[in-house]
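*Asks:* Sequence and predicted model, in that order:
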Amino acid sequence: MKTYFSLSIIAILAMSTPNVTNAQLYVTATVGGVPGVSGATLENFDEPNPSILTLSGSAFVTTGNSPLTYYPPTFSGSTAAYFGESPASGFDNSQYVVVEPGGSATLHFSIPQHYLGLEWGSVDAGNTLTFFDAANNVLGTVVGTQIPGDPIGLAGDFSAASSPYVEITSETAFAKVVATTALPSFEIDDVAFSPVPEPTSIVLVGAGLCMTGITLRKKLS
């Protein structure tokens with residue numbers, strides 16, 4: 001299952017409209033998926049001090065679960081094998097990142113990136129990723145309710161048994177991404193990042209530009 005959010009034509013038109021968020025971000029989600037960009041840098045948070053990660057407040061790296069508070073992401077498909085994790089199917093038994101209300105987890109990139117992939121635990125409506133450029137300007141946000149797909153029929157909420165691999169492409173390069181949440185928690189593992197966008201997003205941008213061009217030509221004729 002692979003679905004898409006934020007069609008490029010909508011994003012391009014939104015650029016001329018003040019206060020429209022997510023105008024530059026394109027999102028896909030695949031249960032059991034892997035990064036769609038060849039040669040992406042991988043981070044599975046299994047080492048003691050992950051170099052790209054800074055934690056603040058109620059955020060931490062852990063294993064296992066805390067009932068009614070947080071659960072590890074659930075592996076299926078090809079995700080675990082791609083990142084060297086185990087088991088191949090079921091709850092992640094390695095280290096992963098948990099963000100609770102009042103906390104934040106920041107991913108820092110010394111070289112600005114255009115692509116981010118991550119295993120997103122149980123998708124909750126309050127989970128938020130905020131993208132910043134190198135000058136610390138906010139590029140946009142992605143929240144749980146915007147993640148494509150809803151296999152258990154709850155708007156914006158995957159079940160703990162079907163963690164999606166979420167891929168996000170930004171038209172403008174980002175230098176950091178900050179994860180925060182409202183209740184209950186935000187679980188993250190198996191991050192991939194690349195200065196090269198996901199190929200599908202390039203196609204969407206191209207299609208949007210073509211549609212915009214057609215519209216302009218019609219207005220001029």
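*Replies:* Okay, I see it.
*Asks:* for this structure, what spans make up the helices?
*Replies:* 8-14, 79-83, 199-220 (DSSP state H).
*Asks:* so Thr130 sits right up against Val138, yeah?
*Replies:* Yes. With contact defined as Cβ atoms under 8 Å, Thr130 reaches Val138; the gap is 6.2 Å. The C-beta positions use only the backbone N, C-alpha and C, and glycine is treated the same way.
*Asks:* more crowded one of those two?
*Replies:* Thr130 (19 against 12; other Cβ atoms under 10 Å).
*Asks:* give the contact list for that one.
*Replies:* 138, 140-141, 177-178, 180 (Cβ atoms under 8 Å, 6 or more residues apart in numbering).
*Asks:* Could you list the low-confidence segments of this structure?
*Replies:* For the chain, the stretches with pLDDT under 70 are 1-23, 149-161, 198-221.
*Asks:* Tell me where this structure has strands.
*Replies:* Residue ranges of the strands in the chain, as given by DSSP state E, are 3-5, 25-31, 41-43, 53-56, 59-62, 74-75, 90-91, 96-99, 104-120, 128-132, 138-143, 164-180, 186-194.
*Asks:* Tabulate these (TSV), appending distance to Gly84.
*Replies:* Shown next, in TSV, are the strands of the chain (distance: least, Cβ to Cβ, whole Å):
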stretch	distance to Gly84
strand 3-5	27
strand 25-31	19
strand 41-43	8
strand 53-56	18
strand 59-62	17
strand 74-75	12
strand 90-91	16
strand 96-99	14
strand 104-120	13
strand 128-132	24
strand 138-143	26
strand 164-180	15
strand 186-194	9
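*Asks:* The ones you listed: which one's closest to Phe83?
*Replies:* Phe83 sits nearest to strand 186-194 of all these, at 4.4 Å, using Cβ to Cβ.
*Asks:* Run the chain-centre distance for that closest one.
*Replies:* Averaging C-alpha positions (Cα atoms, centre = their mean, to the nearest Å) puts strand 186-194 7 Å from its chain's average.
*Asks:* and the angle for that strand with strand 164-180?
*Replies:* 100 degrees (axes from the mean of the first three to the mean of the last three Cα atoms, to 10 degrees).
*Asks:* Name every strand pairing with strand 186-194 and say which way it goes.
*Replies:* strand 41-43 (antiparallel), strand 96-99 (antiparallel), strand 104-120 (antiparallel) (DSSP bridges).
*Asks:* Dump the C-alpha coordinates for that strand into PDB.
*Replies:* The C-alpha trace of strand 186-194 is given here as PDB (Å, rounded to 0.1, in the frame of the first residue of the first chain):
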ATOM      1  CA  PHE A 186       5.600   9.800  19.100                       C
ATOM      2  CA  GLU A 187       7.800   6.800  18.400                       C
ATOM      3  CA  ILE A 188      10.500   6.900  15.700                       C
ATOM      4  CA  ASP A 189      13.100   4.500  14.400                       C
ATOM      5  CA  ASP A 190      15.200   3.700  11.300                       C
ATOM      6  CA  VAL A 191      15.700   7.200   9.800                       C
ATOM      7  CA  ALA A 192      17.000   7.600   6.300                       C
ATOM      8  CA  PHE A 193      18.100  11.000   4.800                       C
ATOM      9  CA  SER A 194      19.500  12.200   1.400                       C
END
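*Asks:* and which of the contacts of Thr130 is nearest to Ser58?
*Replies:* Ser58 lies nearest to Thr180 out of the contacts of Thr130, by Cβ to Cβ, at 10.1 Å.
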